[in-house]
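Trainee: how does the following fold in three dimensions:
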Amino acid sequence: MDPLLIPLFLVALAVFCAALVCVTAIVRADRQDVVAVVRALPELAATLIRFRRRDVPPAEVRGRRNVR
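Mentor: Numbers count the residues shown, from 1 in each chain. All right, here's what the predicted structure looks like:
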């Protein structure tokens, strides 16, 4: 087996396990809980995007020019 395939296999296994855990949690949850989480996702995504933009310095600080 190629040594580079081992990390790739481990990453694929981790993604599969995470997906399995998520699907199991959704299946076992009450319908109202799933609906509440799905309705909250856009607000959570907007919050994370705002948080990420606050942490990223402007292009000039990173050493790049703003090209428009």
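Trainee: shaky segments in the protein?
Mentor: Scanning the chain for pLDDT under 70 picks out the ranges 1, 54-68.
Trainee: just so I have it, where are all the helices in it?
Mentor: Along the chain, counting by DSSP state H, helices occupy 5-28, 31-55, 59-62.
Trainee: now these as a markdown table including mean neighbour count?
Mentor: All C-beta spots, glycine's among them, are computed from the backbone N, C-alpha and C. Shown next, in a markdown table, are the helices of the chain (neighbours: other C-beta atoms under 10 Å):
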| stretch | mean neighbour count |
| --- | --- |
| helix 5-28 | 10 |
| helix 31-55 | 10 |
| helix 59-62 | 9 |
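Trainee: any idea how far the nearest residue to residue 34 once chain neighbours are set aside is from residue 20?
Mentor: If the residues on either side of it in the chain are set aside, residue 34 comes closest to residue 26, at 5.9 Å by C-beta to C-beta, 6 or more residues apart in numbering. Applying C-beta to C-beta, to the nearest Å, the value for residue 26 to residue 20 is 11 Å.
Trainee: do residue 7 as well
Mentor: 20 Å.
Trainee: likewise residue 30?
Mentor: 20 Å.
Trainee: go on, residue 13?
Mentor: Taken as C-beta to C-beta, the span from residue 13 to residue 20 is 10 Å.
Trainee: I'd like to know how many residues surround residue 29.
Mentor: By other C-beta atoms under 10 Å, 13 other residues sit near residue 29.
Trainee: start the count at 35, not 1, going forward
Mentor: Got it, first residue is 35 now, which makes that one residue 63.
Trainee: dihedrals phi and psi, it?
Mentor: With angles defined as degrees, to the nearest 10, residue 63 sits at phi -80, psi 160.
Trainee: OK, contacts around residue 66?
Mentor: With contact set as C-beta atoms under 8 Å, 6 or more residues apart in numbering, residue 66 has no partners.
Trainee: with residue 41 as the reference, measure out to residue 66.
Mentor: Taken as C-beta to C-beta, the span from residue 66 to residue 41 is 41 Å.
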